[in-house]
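*Asks:* could you look at this predicted model? Sequence included:
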Amino acid sequence: MKKLNVILVFDKDENKILMCKREKEPYKGKFNLVGGKVEKDEDELHAAYRELQEETGITNKDIKLTHIMNFQYEMSDMELEVYTGKLNKDVKLIEEVNKLFWLDKNENFFDINKFAGEGNIGHMLQQAEIHKKQLFNNS
């Protein structure tokens, strides 16, 4: 089964979500979370940090990632792992391929005309919001 990951990155104030604008199919021209492929025999968390650094310049010194859910696509023989984290400081983003944007967390991430993933990004964000005290050690 092919494994992929996406990373839901909150800014340090938890007001904005880091998104990229897809340059290729699937979802060309739509906003998506950053992420990529998990290599064969690669530790999944390591893969999430690697992809995040490759696509944005954000390192494990800037953010602590937590695995929050998986989507399993049986018909496509694919599993999508979802990680989230909050930046611990402002960072200068370094774009790899896709242009990066900070979007307000109150956007309608269920809008399938604007966002990739048939509404899944909205679901991921809702889950992170429900559990944000546990995820981000808020009091």
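*Replies:* It's in. Everything quoted here is computed from the prediction, not taken from an experiment.
*Asks:* who's in contact with the lengthiest helix in the chain?
*Replies:* Counting by DSSP state H, the longest helix found in the chain is helix 44-56. With Cβ atoms under 8 Å, 6 or more residues apart in numbering as the test, helix 44-56 has contacts from 3, 5, 7, 9, 18, 20, 34-39, 42, 58-60, 63, 65, 67, 81, 83, 91, 93-98, 100. No exception for glycine: its C-beta is placed from N, CA and C like everyone else's.
*Asks:* in strands, which of those fall?
*Replies:* Members of the contacts of helix 44-56 lying in strands (criterion: DSSP state E): 3, 5, 7, 9, 18, 20, 34-37, 67, 81, 83, 100.
*Asks:* before we move on, the earlier item: buried ones in the longest helix of the chain, by neighbour count?
*Replies:* Residues of helix 44-56 classed as buried: L45, A47, A48, Y49, R50, E51, L52, E55, T56 (neighbour count, 16 or more other Cβ atoms under 10 Å).
*Asks:* just the buried members of the ones in strands among the contacts of helix 44-56?
*Replies:* The neighbour count (16+ other Cβ under 10 Å) marks K3, N5, I7, V9, L18, C20, V34, G35, G36, E81, Y83, L100 as buried among the ones in strands among the contacts of helix 44-56.
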